[in-house]
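S.K.: Test case, fold it:
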Amino acid sequence: AQQRQARRARAAGLALLGDKLSAKQAQDWGLIWQCVADAEFDATLERLAQHFAKAPTKGLAFTKRALQASLANDLATQLDLERDMMRELGRSADYAEGVAAFLDKREPQFKGQ
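M.R.: As a prediction, the model looks like this:
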């Protein structure tokens, strides 16, 4: 409750006063995940693009859906949702590829299946 009040106060201050919010301040407040210096932007973007290009897309989609659902779900409902998602992902070709790659000590080649 205290964190919610703090967020509301910050939002009200920004909205009512029209103050500018720097990227660094937004990061410090937890409004954004990361900010980087201009000189690091391209390298950071490339690193993130490479990460997501190699990642299991179905797993990413389920993670995004679970995070979004957690905002409204109670704990029991969220745990049920995550159990069901893990069950489905555990039957996927990408899961099998991830396990095989781990056992073979190689990089996985996910196909979004």
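S.K.: all contacts plus neighbour counts: C-alpha atoms, from now on.
M.R.: Will do.
S.K.: and stretch 3-21, how far out from the chain's middle?
M.R.: Averaging C-alpha positions (C-alpha atoms, centre = their mean, to the nearest Å) puts stretch 3-21 24 Å from its chain's average.
S.K.: Any buried residues in that stretch, and which?
M.R.: Residues of stretch 3-21 classed as buried: none (neighbour count, 16 or more other C-alpha atoms under 10 Å).
S.K.: With stretch 99-108 instead?
M.R.: For stretch 99-108, using 16+ other C-alpha under 10 Å, the buried residues are P108.
S.K.: where does P108 land in three-state SS?
M.R.: When states are read from DSSP: H, G, I helix; E, B strand; the rest coil, the local structure at P108 comes out as coil.
S.K.: And it, its phi and psi?
M.R.: Torsion angles at P108 (phi, psi; degrees, to the nearest 10) stand at phi -70, psi 150.
S.K.: Next one: the closest residue to it other than its chain neighbours from D94, what distance?
M.R.: Sequence neighbours aside, A101 is the residue nearest to P108 in space, at 5.0 Å (criterion: C-alpha to C-alpha, 6 or more residues apart in numbering). Relative to D94, A101 is positioned 10 Å away (criterion: C-alpha to C-alpha, to the nearest Å).
S.K.: S70 contacts L79, doesn't it?
M.R.: No - using C-alpha atoms under 8 Å as the test, S70 is too far from L79 to be in contact (9.4 Å).
S.K.: hey, where'd the helices end up in this protein?
M.R.: Defined through DSSP state H, the helices belonging to the chain, from first to last, are 2-17, 23-28, 38-54, 57-70, 75-90, 93-104.
S.K.: Save these as a markdown table, and put in mean pLDDT too.
M.R.: Converted to a markdown table, these look like this (pLDDT from 0 to 100):
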| stretch | mean pLDDT |
| --- | --- |
| helix 2-17 | 84 |
| helix 23-28 | 91 |
| helix 38-54 | 96 |
| helix 57-70 | 96 |
| helix 75-90 | 97 |
| helix 93-104 | 96 |
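S.K.: wait, which of these is closest to G112?
M.R.: Across these, the minimum distance to G112, taken as C-alpha to C-alpha, is reached by helix 57-70, at 5.1 Å.
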